[in-house]
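Novice: need a 3D model of the following:
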Amino acid sequence: MAEGKMTKVEMLEKAEELVKVYNDQYQTGKFEDAIKTNEELEQVVNEYTSVVRKECFERLAKADDPMLEAVKELTFATIRIKDTKEGEEKIPVRVIEPCDKQIDLLKLHKFVDGGIGVDKNWNYMVEKLNFLMTVQKAIDLGIDPTGINDSYAISELAKEINLGKTPTSKTQILKTVQSIVSAMVGDEYKATSHDVNFLMSVYSKKNRKALTVTCANHKYMRSYMMEICHRIVCEKSYEIDYKKAKNK
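Specialist: Numbers count the residues shown, from 1 in each chain. Now for the predicted structure:
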């Protein structure tokens, strides 16, 4: 693919050019052409992200502690496609804008020779915690966890990780979270009850299907644990987003 040989500047220019073509095609009713242009646009944006991700990984790999540095940075800068509506007529307009994308620790782990983290089994520990919390969520909802034990998607190495029994209290979860934090960035970094509350707040969500809860997959669980480590290492505080009154 020709775009793969372009520089970042050239890819960004190409994306801006394609988005103008797309907007013209879409707004004049040339929808089939717009679909083809969008496919090319997505390719360019994905290629740009791939290039800057690799640059980020190469830089982190040179650090004394790639995991710690990745946790501190949390994200890398890239671009994305965004659909907006302009004017009183709310005309749909597509734009290219800068954005931050969270560093994928598992991809970095595979990229760095020898892996990352104090304990190179950190990812299996995250998977095991995810499994245990899913089992406990089922029990909390009055669901027989036997089916989960038999069908849960978890690697064989993760199954062998011993994180203790299914966490039934925040105290037990805190101990488990601390063991994973220690495995990722070191014993000197301490998790608190706030980290447990954060994890329990974001871990599951309402499914579109009635009476159904969706638990985090392993990718999301790694992301949540990375954010917890980021908070601890960078000494930050959690925030809460909610709908505010318009006159406030």
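Novice: residues contacting Lys128?
Specialist: Going by CB atoms under 8 Å, 6 or more residues apart in numbering, Lys128 touches 154, 158-159, 161, 163. Where you see a C-beta, it was placed from the backbone N, CA and C, and this is true even at glycine.
Novice: and of these, the nearest to Asp65?
Specialist: Distance from Asp65 was checked for each of the contacts of Lys128 by CB to CB. The minimum falls on Ile161, at 22.4 Å.
Novice: isn't that closest one up against Tyr124?
Specialist: Yes. A contact is recorded between Ile161 and Tyr124 when judged using CB atoms under 8 Å, the distance being 5.0 Å.
Novice: so where's the chain uncertain?
Specialist: 1-4, 248 (pLDDT under 70).
Novice: quick one: distance of the helix or strand hosting Asn123 to the chain centre.
Specialist: Asn123 is part of helix 122-140 when elements are defined by DSSP states H and E. Relative to its parent chain, helix 122-140 has a centroid offset of 17 Å by CA atoms, centre = their mean, to the nearest Å.
Novice: got it, and stretch 224-232?
Specialist: Using CA atoms, centre = their mean, the mean C-alpha position of stretch 224-232 is found 12 Å from that of the whole chain.
Novice: give me the contacts around that stretch.
Specialist: By CB under 8 Å, 6+ apart, the surrounding residues in contact with stretch 224-232 are 70-72, 74, 102-103, 105, 126, 177, 180-181, 184-185, 189-191, 195, 198-199, 202-203, 216, 236-238.
Novice: out of those residues, which end up buried?
Specialist: Burial of the contacts of stretch 224-232 was assessed by neighbour count (16 or more other CB atoms under 10 Å); the buried members are 70-71, 74, 103, 105, 126, 177, 180-181, 184-185, 189, 191, 195, 198-199, 203, 216.
Novice: which residues in the chain form helices?
Specialist: Using DSSP state H, the helices assigned to the chain run over residues 8-27, 31-61, 66-73, 105-111, 122-140, 146-151, 156-160, 170-185, 193-202, 218-233.
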